[in-house]
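*Asks:* Could you look at this predicted model? Sequence included:
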Amino acid sequence: MMQLNNLDSDLLQELGDFPEDDLEVVYAAKEHRTLEPSLPEERTELDLHVQDCVQTYIRDWLIVNRKNQGSNEAYNFMKTGSRTDFHKSLRKQTFESETFDFHNSSYQTSPRHLKVLCDESNKTTLTSGEICLHSLPLDPRLTNLLQTAKAEDIQRQNEEARQANRPTELFALYPSIDEEDCVQIRPIPECPKEYLGNRILVKIQTLKFEIEIEPLFVTVALYDIRERKKISESFHCDLNSEQFKGFLRSHTPFIDSSTQARAAVFSVTYPSSDIYLVLKIEKVLQQGEIGDCAEPYMGLKESESGKTKEKIEKLKQQAENFCQRLGKYRMPFAWLPINLANFFSIPTLEKDIAELEVLNGKGSCGDRKTMTLQSRRYSERGFSSDDIPGPINFRTTPLTFSTFFKQEGDRLSDEDLFKFLADYKRSSLQRRIKLIPGLLKVEISPASEGLSCCLSPELLQVKPFTENRSRIHKEILEFPVREVYVPHTVYRAT
C-alpha cells in the first residue's frame, strides 16, 4: 500500500481497512473494586510518559466490536441447523460437460458440435456451424463493453451481481469441525478486571496463654513447602487488651483502625495439599535468651496463688518496663503451622494432576481430546495448560489449638521454616521442639467477592464498605508460585 501512487492508493484503500459497517467503537466505564482507584501519591513527581501510563489504570475502556461477527447465515446454519439431507434441498445444477457422451464413437469421429448458446430471449447467438460472424445479431451483453463507465458504478454493479442468487448455504455442505479438533478458537474476550483467585477468609478469634504478662503480636502468612516459597504477604494482627496496649502508648500515640483487623482474606491461585498457614508470635524485646524468656509460659499458671501469683506480677512489671524502653523492637516467641489440605478438594486435585499428565503427553492418546476443552477453559481464565489449579470447596470451619512450638533460635528463617514444616508433615517435629501450652481459636471460611467492610492490599476501601463496623477485613497480596497470565488493571506501588 505504501508503494502505490496516490490514485491507486485511493482506489485500493478499502483493501487495507475493515468495512465501515462491521466495526463498532464504544467507550465503557472502567469498574473499580475500591471506592477510590489506586494511584500514586499526589506529591510524587513522575515523568510525563509515566503519568500517562498511570492514567491507563483509571481510563475508560475503548472497546472495538465486530457487529457481524458470528451472525452470518452460514454460521448460524452450521450451529443451529440440521445437516441431515440438507443437500437434497439445493437446486440441481447441470454443467455443459455433463451433457456429452464421451463413450460414443460418433462423437470421437464426427466434427465436434458445440451446444447452442442462448441468451435470455432464447435467440441463437453462436454455434460451431456458423462461419460468417457478421450475419450474427449483436449480443446485448457486448453493447456497453467499450463504453467508459465510472468506477463507482462498476463497483456497485459488481456488488449487486455478487449478492444476486448467492448460495449462502454453500459452506454448510462442508462437514462440521469438532470443537476438540479446532486449531484455534477465538472467544469474544470480556473487559479486563482485577484477578482475585481462590479466596479464603481467616479470622483469629482468641489467643491466650497460661499467663498474661505482656503484649503479644501475631503475623500470619501462607507458605508452600513443595515450591519452597512464601506465597503471600504477612498479615499483622493485634489481639492485645487495652491494658497491654497502654504499655506501648509512648511508642504508638495513634492507632489506626486498619491495624485492629483480626480477619484477613488470602488469595490462592494454585491450591495444593502442601500449603500451610503459619502463625508467628512475637513479643517486645527484653533482656536474656529467647529460650529463657519463654520458660515462664511453660511452668506458671494464672490460676495459681501464693508465690506464683507474686512472681507473675513481678514478670508483668518487668515486661512493662521493657515496653517503655524497647517498645519499638520485637523478638520471636512461638509459632504454629496450620495445614490447609482439608480446605482444598484433594480428590479434585488428584484428578487435575492426572489431567495435567495427559496434557503434557504422559497420558493415553484417547484421553487427549477430552482434556482439551478443560485446558482451554483454564486458559480463558488466565491459567496456562501446564498449571491447572484445583478449586477451593469447603464450609466455614472453626479450629482450636492448645499448644504452640517454642522459638528456639534468634531468627526463624524461611529455609528453617520449610525444614520444620516438612518434619511437621511427617509428624516428627513434636519430638524435637518444646511446646508451649495455650489456646488459639481460628475460623477459616471461603471469602465472597462482596465481603463488606474490607480493605485492599493498598488499604483502600473495597465496595461495599460499611462505616459503622468496629472490625474490618484486610485483603493480603498473593505471591503466586507461577505466573498468572492476566492483564494488570490495578496500580500497585513497589
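*Replies:* Cool, the structure landed.
*Asks:* where does the stretch 101-250 of the chain dip in pLDDT?
*Replies:* In the predicted model of the stretch 101-250 of the chain, residues 101-136, 167-187 satisfy pLDDT under 70.
*Asks:* just the helices in it please.
*Replies:* All helices of the stretch 101-250 of the chain, identified by DSSP state H, counting those that start in this stretch, fall at 105-109, 151-163, 242-247.
*Asks:* longest helix anywhere in this structure?
*Replies:* In the chain, with assignment by DSSP state H, the single longest helix is helix 307-326.
*Asks:* Let me know how buried the closest residue to residue 35 other than its chain neighbours is, in neighbour terms.
*Replies:* Nearest non-adjacent residue to residue 35, counting by CB to CB, 6 or more residues apart in numbering: residue 461, 4.7 Å away. For the C-beta atoms, the positions are set from N, CA and C on the backbone; glycine is no exception. Using other CB atoms under 10 Å, residue 461 is surrounded by 17 other residues.
*Asks:* same check, this time on residue 481
*Replies:* Around residue 481 there are 19 other residues, counting by other CB under 10 Å.
*Asks:* Confirm for me that it is in contact with residue 227.
*Replies:* Yes - assessed by CB atoms under 8 Å, residue 481 is found in contact with residue 227 at 4.4 Å.
*Asks:* Tell me the strands beside the helix or strand encompassing residue 439, with direction?
*Replies:* According to DSSP states H and E, residue 439 maps onto strand 435-446. The pairing partners recorded for strand 435-446 under DSSP bridges are strand 198-209 (antiparallel), strand 397-406 (antiparallel).
*Asks:* Just send the ones you listed back as a markdown table, with mean neighbour count and distance to residue 445 too.
*Replies:* Formatted as a markdown table, these follow (neighbours: other CB atoms under 10 Å; distance: least, CB to CB, whole Å):
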| stretch | mean neighbour count | distance to residue 445 |
| --- | --- | --- |
| strand 198-209 | 19 | 5 |
| strand 397-406 | 15 | 7 |
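*Asks:* How many residues are close by residue 272?
*Replies:* By other CB under 10 Å, 19 other residues sit near residue 272.
*Asks:* change the start of the numbering to 27 and stick with it
*Replies:* Sure thing, new numbering starts at 27, so read that last one as residue 298.
*Asks:* In terms of pLDDT, where does it sit?
*Replies:* pLDDT for residue 298: 86.
*Asks:* Could you verify my assumption that residue 448 touches residue 251?
*Replies:* Yes - with contact defined as CB under 8 Å, residue 448 reaches residue 251; the gap is 5.9 Å.
*Asks:* With neighbour numbers in mind, choose between those two.
*Replies:* Between residue 448 and residue 251, residue 251 has the larger neighbour count (other CB under 10 Å), namely 21 against 15.
*Asks:* residues in contact with the more buried one?
*Replies:* Counting by CB atoms under 8 Å, 6 or more residues apart in numbering, residue 251 touches 300-302, 444, 447-448, 451.
*Asks:* Residue 328 now?
*Replies:* 236-238, 338.
*Asks:* so can I have TSV of the residues you listed showing neighbour count and distance to residue 83?
*Replies:* Output for the contacts of residue 328, formatted as TSV (neighbours: other CB atoms under 10 Å; distance: CB to CB, whole Å):
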residue	neighbour count	distance to residue 83
236	18	51
237	21	50
238	16	46
338	19	54
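*Asks:* from the residues you listed, which single one is nearest residue 370?
*Replies:* Nearest to residue 370 among the contacts of residue 328, counting by CB to CB, is residue 236 at 33.9 Å.
*Asks:* which residue packs closest to the closest one, ignoring adjacent ones?
*Replies:* Nearest residue to residue 236, sequence neighbours excluded (CB to CB, 6+ apart): residue 327, at 4.8 Å.
*Asks:* are any of the contacts of residue 251 buried, and which?
*Replies:* Among the contacts of residue 251, the ones that count as buried by 16 or more other CB atoms under 10 Å are 300-302, 444, 447, 451.
*Asks:* Quickly check those residues for the two that are furthest apart.
*Replies:* Greatest spacing in those, by CB to CB: 301 and 444 (12.4 Å).
*Asks:* Spit out the residues that contact these two alike.
*Replies:* Here residue 301 and residue 444 have 249, 251 as joint contacts, going by CB under 8 Å, 6+ apart.
*Asks:* With just CA atoms, put stretch 296-313 into CSV.
*Replies:* Listed next in CSV are the C-alpha coordinates belonging to stretch 296-313 (Å, rounded to 0.1, in the frame of the first residue of the first chain):
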residue,chain,number,x,y,z
TYR,A,296,-2.6,-22.8,42.8
PRO,A,297,-4.1,-24.7,45.7
SER,A,298,-2.3,-27.9,46.9
SER,A,299,-2.0,-30.1,49.9
ASP,A,300,1.4,-28.6,50.8
ILE,A,301,0.2,-25.1,51.6
TYR,A,302,0.4,-24.1,55.3
LEU,A,303,-0.9,-21.1,57.2
VAL,A,304,1.9,-20.2,59.6
LEU,A,305,1.3,-18.0,62.7
LYS,A,306,4.3,-16.4,64.2
ILE,A,307,4.0,-14.8,67.7
GLU,A,308,6.4,-12.1,68.8
LYS,A,309,6.9,-10.1,72.0
VAL,A,310,8.7,-6.9,72.9
LEU,A,311,12.4,-7.3,73.0
GLN,A,312,13.7,-7.9,76.5
GLN,A,313,16.9,-8.9,78.2
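*Asks:* buried stuff in that stretch?
*Replies:* Within stretch 296-313, the residues that qualify as buried by neighbour count (16+ other CB under 10 Å) are 296-310, 312.
*Asks:* How about stretch 48-66?
*Replies:* Across stretch 48-66, burial judged by 16+ other CB under 10 Å covers 56, 58-60, 64.
*Asks:* now swap in stretch 349-369 and tell me
*Replies:* Here stretch 349-369 shows 349, 353, 357-364, 366, 369 as buried, counting by 16+ other CB under 10 Å.
*Asks:* What lies in contact with the strand holding residue 465?
*Replies:* Outside strand 461-472, the residues that touch it by CB under 8 Å, 6+ apart are 225-236, 303, 305, 320, 323-324, 360, 362, 364, 366, 369, 418, 420-432.
*Asks:* and the next element down the chain from that strand?
*Replies:* Following strand 461-472 in sequence, per DSSP H and E, is strand 480-481.
*Asks:* Many thanks, I have nothing further to ask.
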